[in-house]
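Q: quick one, structure for this:
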Amino acid sequence: FGGDAGAGDDGAIVDVSVVIPAYNEENNIGRQIRAVSEVLDGECRRGGPAGSSSSARVASYEIICVNDCSSDGTSLELAEAGAEVPRLRVLEHRANAGQTAALRTGLSRSRGKVVVTMDGDYQNDPADIPLLLGKLQQGNEQMQ
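A: Alright, predicted model coming up:
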C-alpha cells in the first residue's frame, strides 16, 4: 500500500476512528468526509451524542479514507477534503485490492477506541454515528 497523507500520525489514541474505503467515489467522497467531520465536530463541542441519554463523550476523532487505486477524480476530492478537514488521514493503495483489503488497511492504521466503518458511496448517513456511539455507551453501562 502507498502513503499516508493528512493528519499527523503521532500515535495518539482517539475516541473514534471512522474508516471509509473508497474506489471511484468522485462526487461522493468529498461531501461524505465533510459531513462526517461536521457531525463529529458537533459531538466534540457537545461532548456526547445528541438526543441520547447516554454519557458517551467524543473529545477526539480521526477519519481514515483508504483510496483503493481509484481511476476517477477520487484522489483530487480527497486532497481537497484534506485541506479542509484536518482530522482526515488518506491512505493510498498502489493497486486495486478490493473493499475488504481497503477496510483491513484502514482498520490496521486506526487509533480509535471505537471504530466505525462506512461505505465510500455516501449511502451511510453520518448523522447515525452519534446514535451508534450512544447505544454502545448504553451497552457498556449495562455491563458494568
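Q: any idea of the pLDDT on Gln138?
A: For Gln138, the model assigns a pLDDT of 82.
Q: number of nearby residues for it?
A: 16 (other Cβ atoms under 10 Å). Quick note: C-beta positions are derived from backbone N, CA and C, even for glycine.
Q: what about it, distance to Leu131?
A: In this view, Gln138 and Leu131 are 11 Å apart by Cβ to Cβ, to the nearest Å.
Q: same question, Gln137
A: For Gln137, the distance to Leu131 - Cβ to Cβ - is 11 Å.
Q: looking at these two, which one has more neighbours?
A: Neighbour tally, Gln137 and Leu131, criterion other Cβ under 10 Å: the higher count belongs to Gln137, 19 against 14.
Q: and that one, how close does it get to Ala83?
A: Gln137 is 33 Å from Ala83, by Cβ to Cβ.
Q: against which helices or strands is the longest helix anywhere in the chain packed?
A: Counting residues, the longest helix found in the chain (DSSP state H) is helix 29-46. Secondary-structure packing of helix 29-46 (3 or more Cβ pairs under 8 Å, 6 or more residues apart in numbering; DSSP states H and E): strand 14-22, strand 61-67, helix 74-84, helix 128-143.
Q: quick check: beta-bridge partners of the residue nearest the centre of the chain?
A: Nearest to the centroid of the C-alpha atoms of the chain, with distances taken as Cα atoms, centre = their mean, sits Val18, at 2.3 Å. Beta bridges link Val18 to Ile63, Val116, judged by DSSP bridges.
Q: that one touches Val39, doesn't it?
A: No - look at Val18 against Val39 with Cβ atoms under 8 Å: they stay out of range, at 9.4 Å.
Q: what residues are shared contacts of those two?
A: Contact criterion Cβ atoms under 8 Å, 6 or more residues apart in numbering; residues shared by Val18 and Val39: Ile129.
Q: returning to that earlier point: in CSV, list the helices and strands packed on helix 29-46 along with distance to Ile29.
A: Output for those, formatted as CSV (distance: least, Cβ to Cβ, whole Å):
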stretch, distance to Ile29
strand 14-22, 5
strand 61-67, 7
helix 74-84, 5
helix 128-143, 17
